[in-house]
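Undergrad: Structure of the sequence below:
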Amino acid sequence: MTRTRIAVWSIGLFFLLAAEARAAERARILLLHAFNYSFPATGVIAKAARKRPVEHSKSIDIDAEFLDLARNTDDAHALRTATYIRDKYGKYPPDLIITLGSNALPFVLKYRDMLPDVPVVFASISPQTYAALRPPAEMTGIITGFDLAKTLTLAERLQPEARRLFIVAGSGETDRRWQPIARKMIEERGGKFETTFELPYSELVAELSKVPKDAIVVLLTVFADAEGKAFVPPQVAADLSALSSAPGYGVYATFVGGGAVGGFVETFESIGVAAAEMAIEIMEGADPATLAPRTNPAQHYRVDHRATQRWNLKEENLPPDTVVLFKPPTIWDEHRGTVLAALFVLGLQTAFLGALLIQRRRRQRAEDLLKESEERMTFAAAAANIGLWQFDRDTGELWVTEHGRALFGLPSDAPLTRKAFLAAVHPDDLETASRSLRKSFRTERSTASDVRIVLPSGEMRWIRMCARSYTESNGEPKQLGGIFIDITDQKSAEAETALQRVEIEHLMRVSVLGELSGSIAHEVNQPLTAILSNAQAALHLLRQNSPDLAEIRDALEDIVHEDNRAGEVIHRLRSLLKKGERKMESVNVNDLVRSTVRLLHSELIGRDISLRLDLDHDPFFTRGDSVQLQQVLLNLVMNAMDAMASTPVAQRSILISTRGAKTGMVDVLVKDRGHGIRPKENGRLFEPFYTTKAHGLGLGLALCSTIIEAHQGKLTLVNGEGGGAVAGFSLPAHQPAVSSV
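TA: Residues are numbered from 1 along each chain as shown. Alright, predicted model coming up:
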């Protein structure tokens, strides 16, 4: 068992060490620079090509070799360099090779056996060179589209009058690659320019110092002259630009800034970044054969501002999106943040001051409008006989308009206190006024109370005090405000209206009783006749020798019964005829119906009308004035009898029913078999002075509706389902208190 554990641990340790060894392996990239490290372009492109992979992964090592193929063009140097690279990297070859510069890719293709099977990413290769070399599929990279024609287009835009063209190019291998491109460009211009081409360097220096100022000089590469002397192209471009009496234009970014005006170029930094991006894709597993060569998109028109100033060239003639270098920064460019901050502070201060001025103007305007509004409101309130007031409970301060003082009879110089205003209230209404004010502080809703005011002259007036509290932020009401309204005329009108209504109600009852005078006389005459007959019978029995006392007793009891009957009729008539204030009491609705029917008994017989009662067995009570309610029921039954004047005798009938509704109301319905409600009458029967009777006043139903509404009920009149009309009213049910003995 112990040996097994040791074996397992040994195997695990072996795999752990193997994993650590694999983790320790770092990816390697070899940069092959075509030219010497002292070339400016070499340094720029090398820095960009190294920076991007290291940023991508910390486990990548970068090696670099400078082939120096421009100054050493012999095959022996190339062979020695290839042998050196094979000896140095053959045992531990890199994972990827990046060639930088136009001569590096041909070198790798010629000496492919020095590092076979290593993927290659090339850069700075023109389309013509790539087509001529035809590299294998495992070699891909960035093709630089040197567009010499666009560089000449830039010169033409800046020097539209130029007709002389000087092409500067060296005699080295790389220099000679530019010659067919330049000749093709000149041919496409169709003889527009008188062109000078391929001068020896010594003659070129002398010639450029004599060229016309309006000529165009295009600077190509000069790696070597016809005598084999090596040069650094950016330095040559700088020297020739300084000697030339005409503006010079270059095809490389390193020429711009050294004296050349500009050109359509791509930066060597962008070339290095583009090559590094493709290398990262391959390092992450992409197959180089599937990655087609790409064109570097970072090409722009670039000009040197100092050169344009030297040659008086106008920047407005530059193509769109041209990058202008070395232009002295303006204050905005150098101190944009400071300028923005200063402008922001200045704008903020201006806005703040403007806001203060606007706020001050608005406040002044608001104060003026408030004052005008207060004056208009005070005038309107006085015109409407209303006084405004406000009371502060903490300070005891009371503010009242002048008209409010006048309503209470207080002079304008009298001190304004709560006590002074309450002193003018009638003693019987003082408690009402005080209770209303206290209630206003306990609720946010407005309160109102009507009180009498005794003026210093002794005149008494009615004032409606309306008040409402205003809650502070802590929830406690501190302010109380409202209005005083003089309602003396309203109270007088209400009293007069009430008196007139009582008079009309009494007159209507008298009018109805006048119509029933014959029936009432018959009702009274019947018990009186019975009393007379029983009295005569009793006297006759008393004259006998042996009077029958039992019969005499029966006769006397009949006399008492008939007397009570006559007294009840007279009592009912007296109740209907008397005037007085409304008396609220508990009323048995069924008893009210029965007493009304007894009063109309003779009238019903005289008109040949049968009446049937359908009263609920349970007693229903409501609270109200029994005389007024009986007047309503009497009026409804009389209207029902009048409606059946033309109805055949056999069909004349009235049904009075009572029901207790589930909504807490008591319903009384009077149904007749008359002509019903005609369409033109519908909706107008309750209008005052509207009547369908020949001798009617049109006040009966209007008065009945007023009485029922005063009892919190509702009066209705509709057509019955089987003909005739159904009149009824609903009253709130009331259960009388049961007294204990």
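Undergrad: For this structure, list the residue farthest from the centre, please.
TA: Asn545 (112.8 Å; C-alpha atoms, centre = their mean).
Undergrad: per-residue confidence for the most centrally placed residue in the chain?
TA: When C-alpha atoms, centre = their mean is applied to the chain, the residue found nearest the centroid is Ala355 (26.8 Å). pLDDT, Ala355: 86.
Undergrad: Just to check, Phe255 is in contact with Gly263?
TA: Yes. With contact defined as C-beta atoms under 8 Å, Phe255 counts as touching Gly263 (6.8 Å). Where you see a C-beta, it was placed from the backbone N, CA and C, and this is true even at glycine.
Undergrad: Compare the two (neighbour count), which wins?
TA: It is Phe255, of Phe255 and Gly263, that has more neighbours when counted by other C-beta atoms under 10 Å, with 31 against 27.
Undergrad: what are the phi and psi angles of the more buried one?
TA: Per-residue torsions, Phe255: phi -80, psi -30 (degrees, to the nearest 10).
Undergrad: Report the contact partners of it.
TA: Taking C-beta atoms under 8 Å, 6 or more residues apart in numbering, we find Phe255 in contact with Leu219, Pro233, Pro234, Ala237, Ala238, Gly263, Val265.
Undergrad: where exactly do the strands run in the stretch 301-450 of the chain?
TA: For the stretch 301-450 of the chain, applying DSSP state E, counting those that start in this stretch gives strands covering 323-325, 386-392, 398-400, 447-454.
Undergrad: er, the stretch 501-650 of the chain actually
TA: Under DSSP E, counting those that start in this stretch, the stretch 501-650 of the chain gives strands at 585-588, 610-614, 621-624.
Undergrad: that older thread, which stretch among the strands of the stretch 301-450 of the chain comes nearest Asp75?
TA: Asp75 sits nearest to strand 323-325 of all the strands of the stretch 301-450 of the chain, at 40.2 Å, using C-beta to C-beta.
Undergrad: neighbouring strands for that closest one, and are they parallel or not?
TA: strand 299-304 (parallel) (DSSP bridges).
Undergrad: what helices or strands is the helix or strand that Gly141 is a member of leaning on?
TA: Element membership of Gly141, judged by DSSP states H and E, is strand 139-143. The helices and strands touching strand 139-143, judged by 3 or more C-beta pairs under 8 Å, 6 or more residues apart in numbering; DSSP states H and E, are helix 104-110, strand 120-125, helix 268-283, strand 294-295.
Undergrad: mind checking which of the strands of the stretch 501-650 of the chain is nearest Val251?
TA: So among the strands of the stretch 501-650 of the chain, strand 621-624 is nearest, using C-beta to C-beta, at 114.9 Å.
Undergrad: Dump the C-alpha coordinates for that closest one into PDB.
TA: These are the backbone C-alpha positions of strand 621-624, laid out as PDB (Å, rounded to 0.1, in the frame of the first residue of the first chain):
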ATOM      1  CA  PHE A 621     -91.500  54.500  11.100                       C
ATOM      2  CA  THR A 622     -90.000  57.700   9.800                       C
ATOM      3  CA  ARG A 623     -89.100  61.000  11.400                       C
ATOM      4  CA  GLY A 624     -91.000  64.100  10.200                       C
END
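Undergrad: Check what contacts it and list those residues.
TA: 584-589, 629, 666, 711, 731-736.
Undergrad: Show me the two of those residues that sit farthest apart.
TA: The span of the contacts of strand 621-624, defined through C-beta to C-beta, is set by Leu629 and Gln735 at 17.3 Å.
Undergrad: Among those two, which residue is more densely surrounded?
TA: Between Leu629 and Gln735, counted using other C-beta under 10 Å, Leu629 has the larger neighbour count: 23 against 11.
Undergrad: right, and the more buried one touches Ile707 too?
TA: Yes. Leu629 is within contact range of Ile707, at 7.4 Å (criterion: C-beta under 8 Å).
Undergrad: just for the stretch 51-200 of the chain, where's the confidence low?
TA: By pLDDT under 70, the low-scoring segments of the stretch 51-200 of the chain are 198-200.
Undergrad: show me where it has strands.
TA: Going by DSSP E, counting those that start in this stretch, the stretch 51-200 of the chain shows strands at 60-66, 96-100, 120-125, 139-143, 164-168, 194-197.
Undergrad: What residues sit buried inside stretch 718-728?
TA: For stretch 718-728, the neighbour count (16 or more other C-beta atoms under 10 Å) marks Gly720, Gly724, Ala725, Val726, Ala727, Gly728 as buried.
Undergrad: same deal with stretch 320-329?
TA: Buried, per 16+ other C-beta under 10 Å, within stretch 320-329: Thr322.
Undergrad: got the CA positions of that stretch in PDB?
TA: C-alpha atoms of stretch 320-329 as PDB (Å, rounded to 0.1, in the frame of the first residue of the first chain):
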ATOM      1  CA  PRO A 320      -8.900  67.300 -47.100                       C
ATOM      2  CA  ASP A 321      -7.700  65.500 -43.900                       C
ATOM      3  CA  THR A 322      -4.100  66.500 -44.500                       C
ATOM      4  CA  VAL A 323      -1.900  66.200 -41.400                       C
ATOM      5  CA  VAL A 324       0.000  69.400 -40.800                       C
ATOM      6  CA  LEU A 325       3.200  68.800 -38.700                       C
ATOM      7  CA  PHE A 326       5.400  71.200 -36.800                       C
ATOM      8  CA  LYS A 327       2.800  73.900 -36.700                       C
ATOM      9  CA  PRO A 328       3.300  76.300 -33.800                       C
ATOM     10  CA  PRO A 329       0.500  75.600 -31.300                       C
END
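Undergrad: Report the contact partners of the nearest residue to Arg435 once chain neighbours are set aside.
TA: Closest residue in space to Arg435, ignoring its immediate chain neighbours: Ser449 at 7.8 Å, by C-beta to C-beta, 6 or more residues apart in numbering. Applying C-beta under 8 Å, 6+ apart to Ser449 gives the contacts Thr432, Ala433, Arg435, Ser436, Arg464, Met465.
Undergrad: The second one: how many residues sit nearby?
TA: Pointing back at Ala433 there. Ala433, neighbours per other C-beta under 10 Å, totals 22.
Undergrad: In contact with it, which residues?
TA: Per C-beta under 8 Å, 6+ apart, neighbours of Ala433: Leu422, Val425, Ser449, Val451, Met465.
Undergrad: How much space separates Ala230 from Glu173?
TA: Taking C-beta to C-beta, to the nearest Å as the measure, Ala230 falls 12 Å from Glu173.
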